[in-house]
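Visitor: using only what follows, build the 3D model:
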Amino acid sequence: MTAPEELPEDLVPRDDTALVRVLAADGTLSPTPAAEPYLEVVEAMSDGLREQLYRDMVGIRAFDREATNLQRQGQLALWPPSYGQEAAQVGSARALRAQDHVFPSYREHAVARIRGVDLVDVIRVMRGLTHGGWNPFDPKNGNTHVYTLVLGAQTLHATGLAMGLAFDGRSGSGDADRDEAVIVYYGDGASSQGDVHEAMVFAASYQAPEVFFLQNNQWAISVPVRTQSRAPLVHRGTGYGIPSIQIDGNDALASYAVSRVALDEARSGAGPRAIEAVTYRLGAHTTSDDPTKYRTSAEEEAWLRRDPIARMRTHLEQRGASEAFFADVESEAADFAADTRRRTVELGVPEPGEMFANVYSEELGDIAEQERWFAAYEASFSEEAS
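Guide: A predicted model of the protein is given here:
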């Protein structure tokens, strides 16, 4: 049995002195030298916020497990698990301000939930009932744009919006309650896409208020990160002149603190920032994938000993969290998972006219005319039958 801090050599961050970590794998406070600039933010975190991070992680893991089971039982066409990546997502999402914009990929279930998206809308996407899922401009969805299944495309969308914020004077005014920023999530596989690099070029050139949040979960489906890049992925942002930070993605405190600072800097007009969260996909890439074909059980066990939820639980226990708190969290998570199952199996067939909703932010005559034509076309079959 390897010690908690041991990993296969090619999966260890190549320059651990540059890695921001606050909590060690065993849950004890053990900041790395690179964490020093962020400790003030960590120390200012209330017990309530720390407990919320834990509650978020446990809840989303229960949801993710239930969604995976639903797919296995034929209720969903596909499911992309987020198992193991909870800390990176939860910490960064809780660092956002209400006015900030979120561009997820297709695995950011924790981010979507924190921002107010009804996760049954994510289920609807994976069940094949909708092409979008939700209206990103509805305030209840927290400026969360729809999941992007086209690898890396969301980075260009995010950069375009961030550039618009800068052009419109919606960042850099010095008013923290008004200034806006954009965060975009993508993975190590997407980091090799041309879209990501083009997005970074434009974000740096126009000093867009944007945070590139790379979740390096070590595998682009079956391709290991060591094959994708001969250097740490964090250096890709640096190459475009974007200040970049590498964090322990299984440490919710590090994710929160670094994201908070990066977002504040982007909002203030200092330009884009990049974060590489070194984490691990404990589940399959999607439910159509079999990770036993390309990685070992020893590797999975090594990362399982870095479980972000267990790490945070130990931290909270050391700060005096009660057993009643943990029991309440587990009960709430179980209820959330059960509600997800109930609502999923109750989903009906969408109305044909729904395909015309949210195509554009404003109603266009051509779309309205197409919708009227299609309604008449559908009705004609009923008339023929009668």
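Visitor: rest of the way, CA atoms for contacts and neighbours
Guide: Fine.
Visitor: to what extent is the nearest residue to residue 38 once chain neighbours are set aside buried, counted in neighbours?
Guide: Among residues not flanking residue 38 along the chain, residue 257 sits closest, at 5.9 Å (CA to CA, 6 or more residues apart in numbering). Neighbour count of residue 257, defined by other CA atoms under 10 Å: 26.
Visitor: all helices for the stretch 51-200 of the chain, in order.
Guide: Taking DSSP state H, counting those that start in this stretch as the criterion, the stretch 51-200 of the chain contains helices spanning 86-94, 109-114, 119-127, 153-167, 194-205.
Visitor: picking up where we left off before, what does the one helix or strand the residue nearest to residue 38 maps to rub up against?
Guide: Mapping residue 257 onto the secondary structure by DSSP states H and E places it in helix 252-265. For helix 252-265, the external contacting residues (CA atoms under 8 Å, 6 or more residues apart in numbering) are 20-23, 35, 38-39, 41-42, 50, 53, 87-96, 181, 183, 210-211, 245, 247-249, 271, 273-275, 277, 308, 312.
Visitor: repeat that for stretch 39-59.
Guide: 86-87, 90-91, 94, 110, 114, 252-254, 257, 309, 312-313, 316, 329-330, 332-334, 336-337.
Visitor: let's go with 7 Å and repeat that
Guide: Counting contacts by CA atoms under 7 Å, 6 or more residues apart in numbering, the residues outside stretch 39-59 that touch it are 86, 87, 90, 91, 253, 257, 309, 312, 329, 333.
Visitor: the second one contacts residue 248, doesn't it?
Guide: Right, residue 87. No: in this structure residue 87 lies outside contact range of residue 248 using CA atoms under 7 Å: 9.2 Å.
Visitor: quick one, which of these two is more surrounded?
Guide: Just comparing residue 87 and residue 248: by other CA under 10 Å the higher neighbour count belongs to residue 87, 30 against 25.
Visitor: give me the nearest residue to the more buried one, chain neighbours excluded.
Guide: Beyond its immediate neighbours in the sequence, the residue positioned closest to residue 87 (CA to CA, 6+ apart) is residue 252, lying 4.4 Å away.
Visitor: buried ones in the lowest-mean-pLDDT helix or strand in the chain?
Guide: For the chain, the helix or strand with the lowest mean confidence is helix 365-385, at a mean of 86 (criterion: mean pLDDT, DSSP states H and E). Neighbour counts using 16 or more other CA atoms under 10 Å place residue 371 of helix 365-385 among the buried residues.
Visitor: residue closest to the middle of this structure?
Guide: Closest to where the C-alpha atoms of the chain average out (CA atoms, centre = their mean) is residue 108, at 3.2 Å.
Visitor: next up, the contacts around that residue.
Guide: Under the contact definition (CA under 7 Å, 6+ apart), the residues listed for residue 108 are residue 89.
Visitor: tell me the most buried of the helices of the stretch 51-200 of the chain?
Guide: Each of those was given a mean neighbour count from mean count of other CA atoms under 10 Å, and the largest, a mean of 28, is that of helix 86-94.
Visitor: other SSEs contacting it?
Guide: Counting contacts by 3 or more CA pairs under 7 Å, 6 or more residues apart in numbering; DSSP states H and E, the secondary-structure elements packed against helix 86-94 are helix 47-72, helix 109-114, helix 252-265.
Visitor: right, and the ones you listed - which one's nearest residue 235?
Guide: Put simply, out of the helices and strands packed on helix 86-94 the one that sits nearest residue 235 is helix 252-265, at 16.2 Å, with distance taken as CA to CA.
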